[in-house]
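Enquirer: Would you be able to build a 3D model of this:
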Amino acid sequence: MIEQKNMDGQLGIAVYHNLHSGGAKRTLYEEVRRLAERHRLDLYTLSSADNDFCDVRSYVNNIHVYDFELGPVFHSPFGRLNQGVRLVDLTRLHRLAQRIAADIDAGGYDVVLVHPCQYTQCPLVLQYLRTPTVYYCHEPLRKLYEPPVRRPYEHGQRSFLRRVLDRIDVLAGFYRVVLRCADQASLRSASRVLVNSRFTQINVRRIYDVEARVCPHGVDTEVFRPMGLSRDGTVLSVGALTPNKGFDFVIEGLGCIPASQRPRLIIVSNYAEPRERAFLERLAAERGVTVEFKVNVDDEALVQMYNRAALVAYAPIREPLGLVPLEAMSCGTPVVGVREGGVAETVVHNEGGLLTEREPSAFARAMQTLLSEPGLASQQGQRGRQYVLAHWTWDKAVRELETHLAATATGYTGRGKN
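Expert: Numbers count the residues shown, from 1 in each chain. Predicted coordinates:
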């Protein structure tokens with residue numbers, strides 16, 4: 001059992017997550033290792049979480065891991081039964097969430113820091129906790145609230161039939177309704193909701209009618225640092241290899257650059273959808289763009305690639321924040337990005353990079369400007385590094401997080417909207 005906070009402001013914090021590898025887990029890692037310097041932390045997680053990537057276990061006092069595995073996956077012709085299996089999984093998650101909440105409440109913590117669940121996004125445990133909670137919402141459950149990004153490989157007779165069946169599939173429709181209700185109830189149960197950008201804040205207000213608070217993100221400026229390496233003239237783009245990351249737009253932009261000046265593109269991903277990769281490979285061949293794909297690159301190799309690239313191109317669709325531009329600028333590498341979503345908040349035009357509208361020729365002109373003027377690119381890179389040091393360090397971000405945790409622990413008066 002954790003004792004109540006001491007006179008020096010030390011908090012007893014339970015940390016909950018069910019994250020896979022990626023940016024959200026990196027955020028949790030950076031928060032936990034800094035919070036552990038001043039507070040007492042215990043970890044609550046599921047066996048399905050990736051606890052090896054950005055491992056936080058050495059920074060907490062006690063670790064509670066709860067066994068959970070998804071039900072079996074059926075293949076054609078029984079694939080539509082999978083929605084029924086997911087409904088059963090959701091019921092099992094609810095029961096497990098009640099058990100975890102009871103264990104946390106019995107621990108006497110001042111506050112619970114909650115990060116997402118890979119299955120439901122907003123964790124169900126929020127519905128059952130009596131201890132004050134701070135939920136860090138990286139993004140809403142986008143598949144419920146945003147239209148999908150369409151791809152040619154989804155078309156054809158078979159895909160059309162599937163789309164028709166999707167409209168009349170009772171199990172699929174019921175699962176979405178149940179999942180949406182669980183998502184809404186969970187987020188609204190949090191004592192305080194934090195988000196990473198004003199863009200996400202607006203989305204949370206629109207979707208949940210909850211007034212979230214922006215708690216800035218950060219980047220490890222000691223890991224992501226200038227290394228003084230020679231630039232190799234390549235364009236680097238980083239992110240999960242999925243339609244939402246907009247790599248097709250980057251390829252279209254590069255295709256607008258004259259062939260004699262067109263740079264090579266490197267795409268780095270921690271996750272890759274095979275059909276998306278095949279689509280991008282075909283598109284690159286059609287546009288005459290040389291592209292190289294790299295998957296599961298470690299931090300040191302990624303930092304070296306940031307340092308060698310002439311620029312980083314970043315064009316995701318409705319991106320909640322845009323961590324990649326921060327990492328690039330922290331390495332002294334300029335960014336060319338779309339003026340959308342959270343990217344418009346992490347990149348300041350002419351202060352670390354260039355922003356354009358989502359139009360391939362405009363994006364191409366911005367890339368050409370930096371590619372053809374190394375001095376300007378170097379200046380933008382230096383400005384970007386200084387901008388990150390001034391506004392986006394993890395020490396600054398976690399100090400603000402501590403303020404929210406303390407305020408929630410001491411000022412909590414009951415559940416409801418923020």
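Enquirer: Distance of H64 relative to R34?
Expert: Taking C-beta to C-beta, to the nearest Å as the measure, H64 falls 22 Å from R34. Where you see a C-beta, it was placed from the backbone N, CA and C, and this is true even at glycine.
Enquirer: Looking at the two now, which is surrounded by more residues?
Expert: Between H64 and R34, counted using other C-beta atoms under 10 Å, R34 has the larger neighbour count: 19 against 16.
Enquirer: what about the strands in the stretch 1-150 of the chain?
Expert: With strands called from DSSP state E, counting those that start in this stretch, the stretch 1-150 of the chain shows them at 12-18, 40-46, 62-66, 111-117, 133-137.
Enquirer: could these be laid out in JSON lines, adding distance to L311 and mean pLDDT?
Expert: Output for those, formatted as JSON lines (distance: least, C-beta to C-beta, whole Å; pLDDT from 0 to 100):
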{"stretch": "strand 12-18", "distance to L311": "34", "mean pLDDT": "98"}
{"stretch": "strand 40-46", "distance to L311": "38", "mean pLDDT": "98"}
{"stretch": "strand 62-66", "distance to L311": "42", "mean pLDDT": "98"}
{"stretch": "strand 111-117", "distance to L311": "31", "mean pLDDT": "98"}
{"stretch": "strand 133-137", "distance to L311": "31", "mean pLDDT": "98"}
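Enquirer: can you list the ones you listed in a markdown table and add distance to Y153?
Expert: As requested, those are exported to a markdown table (distance: least, C-beta to C-beta, whole Å):
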| stretch | distance to Y153 |
| --- | --- |
| strand 12-18 | 30 |
| strand 40-46 | 33 |
| strand 62-66 | 38 |
| strand 111-117 | 28 |
| strand 133-137 | 31 |
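Enquirer: do you know which of these lies nearest C181?
Expert: The minimum distance between C181 and the strands of the stretch 1-150 of the chain falls on strand 111-117, with 15.4 Å, by C-beta to C-beta.
Enquirer: ok and that closest one relative to strand 40-46, angle-wise?
Expert: Orientation of strand 111-117 against strand 40-46 (axes from the mean of the first three to the mean of the last three C-alpha atoms, to 10 degrees) gives an angle of 30 degrees.
Enquirer: For strand 111-117, output the C-alpha coordinates as CSV.
Expert: Below are the C-alpha coordinates for strand 111-117, written out as CSV (Å, rounded to 0.1, in the frame of the first residue of the first chain):
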residue,chain,number,x,y,z
VAL,A,111,-3.9,9.6,-8.3
VAL,A,112,-3.8,7.2,-11.2
LEU,A,113,-2.0,8.1,-14.4
VAL,A,114,-3.7,6.3,-17.2
HIS,A,115,-2.4,5.8,-20.7
PRO,A,116,-4.3,4.0,-23.6
CYS,A,117,-5.2,0.4,-24.2
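Enquirer: Pass me the low-pLDDT residue ranges in the stretch 101-250 of the chain, would you?
Expert: Residues of the stretch 101-250 of the chain meeting the criterion pLDDT under 70: 155-169.
Enquirer: Now do stretch 272-285: distance to the chain's middle.
Expert: A distance of 22 Å separates the centroid of the chain from that of stretch 272-285, by C-alpha atoms, centre = their mean, to the nearest Å.
Enquirer: Can you list the neighbours in contact with that stretch?
Expert: Under the contact criterion C-beta atoms under 8 Å, 6 or more residues apart in numbering, stretch 272-285 has outside partners 151-153, 240-243, 247-248, 251-252, 265, 267, 290-291, 293, 295.
Enquirer: Generate a PyMOL selection restricted to the buried subset of those residues.
Expert: With 16 or more other C-beta atoms under 10 Å as the burial test, the buried ones among those are selected in PyMOL as follows:
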select buried, resi 240+241+243+247+248+251+252+265+267+291+293
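Enquirer: Mark out where each domain of this protein begins and ends.
Expert: According to automatic domain parsing, the chain comprises the domains 12-218+395-411, 235-392.
Enquirer: To F224, which of those domains lies closest?
Expert: domain 235-392 (3.9 Å).
Enquirer: so S330 makes contact with R385?
Expert: Yes: between S330 and R385 there is a contact under C-beta atoms under 8 Å: 6.3 Å.
Enquirer: So for the two, which residue has more residues nearby?
Expert: In this comparison of S330 against R385, neighbours counted by other C-beta under 10 Å, the higher total goes to S330 at 27 against 21.
Enquirer: Let me know the distance separating the residue in the chain sticking out farthest from the centre from G288.
Expert: Within the chain, the residue lying farthest from the chain centre (C-alpha atoms, centre = their mean) is S260, at 36.3 Å. S260 is 11 Å from G288, where distance means C-beta to C-beta.
Enquirer: do R40 as well
Expert: If you measure R40 against G288 using C-beta to C-beta, the figure is 58 Å.
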